[in-house]
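> need a structure here:
(one chain, ligands or ions: 1)
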Amino acid sequence: MFASVGRRLALLNALVVVGIIALVTTASFALVRQTLTRELDRELADRAVTLADRWASDLATGRHPALVTAANQAERRDGTDRHVGDELLEGGDTLVYILDNQGQTLQATRDVFYPDLPSASGVHAALDGASDARAATIDGVPLRVVTLPIRVGDRLVGVVQVARGTQQVTNQLRLIAWASVATVGLGILIAVPAGLFLAGRAMRPIRTAFGRQRAFVADASHELRTPLAVIRANTELAQRLLPPKSEVRDELESVIGEIDQMSRLVDDLLFLARVDAGAARRGQEQLDLAAIVRGATEPMRGLAEKAGLTLTVDAAGALPVRGDADQMRRVVRILIDNAIRYTPAGGSIAVRAGSAEGRATVRVRDTGVGIAPEDQERVFERFFRSDAARSRATGGVGLGLPIARTIVQEAGGRIGLTSQPGHGTEFWFTLPLAAAPALAEAASRSSVEQIAEPR
Ligand code: ADP
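Numbers count the residues shown, from 1 in each chain. Just a heads-up that it's a prediction; the model follows:
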C-alpha cells in the first residue's frame, strides 16, 4: 500500500516538475522569439534609415542613381537572378529595394525581384508616410520586411524596403527548442527518482505509525482471546451447575452466544491485523478447490435447512489450485454463510465450482435481498454493512467479505459479485489453475448434488 502511494506521489511530483519546466520553457521560447524578431527588425530599420538618408542626400545634391526599368524587372524575375536571389535569402543576406514616390522600383540588390518582393503592402504603408515592419514568405523562405518612406525635407520622394530571411532566428530558436526538450527530458529523469526518494522518506514516519497501529490491533486481539475463552468456560460451568429449568440458565445461554460472537470478531481482527503485517502468509500448497467446496458446503446444510432454503452444490471432479486449504474453506463458508443470512425463507442457494481459460471459479448464487449498486464495491470494505443488512437481526460486523477478499488475493485470485436488488446476488472468486487444463476440464464436467431441501 505504501509503495503504491509512494509511486503515485513520485509520479505527481514528476508531473508537476515537468509541467513547470514545460511552462517556463514555452514562455522563454516565446520571449526569445519576440526578442530576436525585434532585434532583426531593428537591424533592418537601421539599414533602411541609412539607405534612405543616402538616397535623399543624393537626390538633394542632384546626383541621379542608376535606374532599373519595368521591362527589366519582368525579365529578371526568373533565370539566374532568381537563383542568386534564393542564395541571398537563404544565406541571410539583406535585399534592398528603392522605389520612387509612385511605387516604381528604381533599384534592387543584385537586380533580384520576386512577384511579392518588393512587398506591395509595405510600399503602400510607406507611401502613406508610415514605417512598416512585417513578415513575408518567399518560395517557402520566411522573411522580415521593413519599409520606410524617403523624405527630402517634408516631401516624400520615395520608399526604401529592406528584407532579410529569418533563417538565423529560426536556427537559434531550433537550438533553444532542442535545449528545451533536453531540459524536460532531464527534468523527468531527475524528478522521478528524486520524487520516489522523497516520497519514501516522507512516508517513513507514517509507515512506522501504521505498523505500530497494526501491532497494537494484533496484540490487543491476541490478548483478548484468552480471557474470552476463560469467561466462556466458566459461564458454561455455571450453566451446568444450575437446575435445568432455571431462568438464569437461559440468560447464560445468550451470554455464551455473545461471547462466541465476540470471539469471532476478535479472531477476524487478529487475522486481518496479521495479514496487514505480512505475517499471515500461509503455505501455498496444491489443493483441490472442488473438494474444498464440497467439504465446506456440507456443514452449512443444517443452517440452510433451518433457514428454509434449498442449497445445491455442483462441484464434481478436481480443481487443482495453489493456496491454503483452511483459508479457502473459510472463503467458501463466508460466501455461503452470507447467502443464507441474506436470503429469505423459501429461496435457494446454488454453489458451483468449475474451470475455464486456466482458472478455477467458484460461484455462490442466492435468491436473496440483493445489494444496491452503490454498495456493491463497498461490501469488501472493512466493517461495511448495507442499511438493509444493518436492519436485519442476522449478520456479523462486516468483516467476512474483507477477509474473503484478502485470502483470495493472497492466493493470486480475484473476487467479485453481480447482484440485482430484490432478486439475488452471485459472489464469485477465481484462482489460477495449478495443473494441466485436461484435469481441470474433467473437473468442470460435473453433476448437481442436492444436499439440502427446505422443510
Ligand atoms: P457481514 O458480517 O455483515 O455479513 P460481510 O463482510 O460478510 O459482513 O458482508 C458485508 C455486507 O455485504 C453485509 O452486511 C451485507 O450488507 C452485504 N452482503 C454480503 N453478502 C450478501 C448477500 N449474499 N446478499 C446480500 N447482501 C450481502
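
> when you work out contacts or count neighbours from here on, use the C-alpha atoms and nothing else.
Fine.

> centre of the chain versus the longest helix seen in the chain, how much separation?
In the chain, taking DSSP state H as the definition, the longest helix is helix 167-241. In terms of C-alpha atoms, centre = their mean, to the nearest Å, the centre of helix 167-241 is found 18 Å from the chain centre.

> the ligand contacts on the chain?
338-339, 342, 368-371, 379, 384-386, 389, 395-402, 425 (C-alpha under 6 Å from any ligand atom).

> mind checking which of those are in helices?
338-339, 389, 400-402.

> please, where are all the helices along the chain?
Under DSSP H, the chain gives helices at 2-60, 70-75, 80-90, 120-127, 167-241, 247-276, 289-297, 301-306, 325-341, 387-390, 400-410, 437-444.

> what is the longest one packed up against?
Read it as helix 167-241. Using 3 or more C-alpha pairs under 8 Å, 6 or more residues apart in numbering; DSSP states H and E, the elements in contact with helix 167-241 are helix 2-60, helix 247-276.

> dump the ones you listed to a markdown table, plus mean neighbour count and mean pLDDT.
A markdown table is the format used below for these (neighbours: other C-alpha atoms under 10 Å; pLDDT from 0 to 100):
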| stretch | mean neighbour count | mean pLDDT |
| --- | --- | --- |
| helix 2-60 | 16 | 85 |
| helix 247-276 | 17 | 88 |
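
> in TSV: the ones you listed, plus distance to residue 106.
Output for the helices and strands packed on helix 167-241, formatted as TSV (distance: least, C-alpha to C-alpha, whole Å):
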stretch	distance to residue 106
helix 2-60	11
helix 247-276	90
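
> so where's the stretch 51-200 of the chain shaky on pLDDT?
Along the stretch 51-200 of the chain, the parts satisfying pLDDT under 70 run over 63-92, 110-112.

> rewinding a little: and residue 141, which of the helices of the chain is closest to it?
helix 80-90 (7.2 Å; C-alpha to C-alpha).

> residues near the closest residue to the ligand within the stretch 101-250 of the chain, how many?
Proximity to the ligand, evaluated over the stretch 101-250 of the chain using C-alpha to the nearest ligand atom, is greatest for residue 221 at 17.8 Å. Applying other C-alpha atoms under 10 Å, we find 20 residues neighbouring residue 221.

> wait, it touches residue 269, no?
Yes. Using C-alpha atoms under 8 Å, residue 221 is in contact with residue 269, at 6.6 Å.

> tell me which of the ones in helices among the residues of the chain next to the ligand is nearest to residue 126?
Nearest member of these to residue 126, counting by C-alpha to C-alpha, is residue 402, at 81.8 Å.

> what separates the spatially most distant residue from the centre of the chain from residue 259, distance-wise?
Within the chain, the residue lying farthest from the chain centre (C-alpha atoms, centre = their mean) is residue 62, at 77.6 Å. Using C-alpha to C-alpha, to the nearest Å, residue 62 is found at 122 Å from residue 259.

> also residue 173?
79 Å.

> out of everything not next to it in sequence, what's closest to residue 344?
residue 368 (6.0 Å; C-alpha to C-alpha, 6 or more residues apart in numbering).

> counting neighbours, which bits of stretch 184-192 end up buried?
184, 187-188, 191-192 (16 or more other C-alpha atoms under 10 Å).

> who's in contact with the residue nearest to residue 344?
Neighbouring residues of residue 368 by C-alpha atoms under 8 Å, 6 or more residues apart in numbering: 339, 342-344, 347, 422-425.

> of those, which is the nearest to residue 10?
So of the contacts of residue 368, ranked by how close each gets to residue 10 (C-alpha to C-alpha), first place is residue 425, at 40.1 Å.

> so what's the residue count around the closest one?
Residue 425 is flanked by 23 other residues according to other C-alpha under 10 Å.

> for it, which non-adjacent residue is closest in space?
Leaving aside its chain neighbours, residue 425 sits nearest to residue 419 (4.1 Å; criterion: C-alpha to C-alpha, 6+ apart).

> please tell me how far residue 264 sits from residue 178.
For residue 264, the distance to residue 178 - C-alpha to C-alpha - is 65 Å.

> likewise for residue 132?
According to C-alpha to C-alpha, residue 132 stands 33 Å off from residue 178.

> looking at the two, which one has more neighbours?
Taking neighbours as other C-alpha under 10 Å, residue 132 and residue 178 compare with residue 132 leading, 19 against 12.

> ok, now which ones touch the nearest residue to the more buried one once chain neighbours are set aside?
Spatially, and ignoring its direct neighbours in sequence, residue 132 is nearest to residue 147 (5.1 Å; C-alpha to C-alpha, 6+ apart). Going by C-alpha under 8 Å, 6+ apart, residue 147 touches 45, 48, 122-123, 125-126, 131-133, 159-162.

> buried ones only from the residues you listed, please, as a PyMOL command.
Buried residues among those (16+ other C-alpha under 10 Å), as a PyMOL selection:
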select buried, resi 45+48+122+123+125+126+131+132+133+159+160+161+162
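
> using JSON lines, lay out the contacts of residue 147 together with distance to residue 252.
Converted to JSON lines, the contacts of residue 147 look like this (distance: C-alpha to C-alpha, whole Å):
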{"residue": "45", "distance to residue 252": "106"}
{"residue": "48", "distance to residue 252": "110"}
{"residue": "122", "distance to residue 252": "106"}
{"residue": "123", "distance to residue 252": "110"}
{"residue": "125", "distance to residue 252": "107"}
{"residue": "126", "distance to residue 252": "110"}
{"residue": "131", "distance to residue 252": "106"}
{"residue": "132", "distance to residue 252": "104"}
{"residue": "133", "distance to residue 252": "101"}
{"residue": "159", "distance to residue 252": "114"}
{"residue": "160", "distance to residue 252": "113"}
{"residue": "161", "distance to residue 252": "110"}
{"residue": "162", "distance to residue 252": "108"}
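
> closest one of the contacts of residue 147 to residue 288?
residue 133 (85.0 Å).

> quick check: bridge partners of the closest residue to that closest one other than its chain neighbours?
In this structure, residue 133 finds its nearest non-sequential neighbour in residue 146, 4.3 Å apart by C-alpha to C-alpha, 6+ apart. On the basis of DSSP bridges, residue 146 is bridged to residue 133, residue 162.
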